[in-house]
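K.L.:
this one's sequence-less:
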């Protein structure tokens, strides 16, 4: 049984590796699946722990339209805000360095639905 599974996995790997190039080109033209990394520096600030899994909320109608949550530890995250977007932490204000979301460490996405934020 294990040999059959191995053969099956090898066949799938071969199929995926030998897919026609036009399939890959089609996906790369789709803005929903394209990868965009506008800045090569992945460090927002070096004096406030790590810069892991940041989540950006933008609400143009607020006095501070930009809010950034950066995971720090499973106990706390950092909450930043700014009136204008910038890649530099010196342009942002640290609202809380003990921002409590949950007992997790990795936050990848955020969404606001009917006035409630989901991270």
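P.N.:
Right, received. Where do you want to start? Small disclaimer: the values here were computed from a predicted structure and weren't measured. Residues are numbered from 1 along each chain as shown.

K.L.:
where does this structure have its least confident helix or strand?
P.N.:
helix 21-28 (a mean of 54; mean pLDDT, DSSP states H and E).

K.L.:
Show me what the following helix or strand past that helix is in contact with.
P.N.:
Following helix 21-28 in sequence order, the next helix or strand is strand 52-58 (DSSP states H and E). Strand 52-58 is contacted by residues 44, 65-72, 85, 105-110, 112, 117, 119 when judged by Cβ atoms under 8 Å, 6 or more residues apart in numbering. Any C-beta I mention is one placed from the backbone N, CA and C, and that applies to glycine too.

K.L.:
now do 10 Å
P.N.:
With Cβ atoms under 10 Å, 6 or more residues apart in numbering as the test, strand 52-58 has contacts from 42, 44, 65-73, 77-78, 80-81, 85, 101, 104-112, 117, 119.

K.L.:
buried subset of these?
P.N.:
Neighbour counting with 16 or more other Cβ atoms under 10 Å marks 44, 66-72, 77-78, 80-81, 101, 107, 110, 119 as buried within those.

K.L.:
Can you pick out the most distant pair from those?
P.N.:
Distances among the buried ones among the contacts of strand 52-58 were taken as Cβ to Cβ; the most separated pair is 66 and 72, at 18.7 Å.
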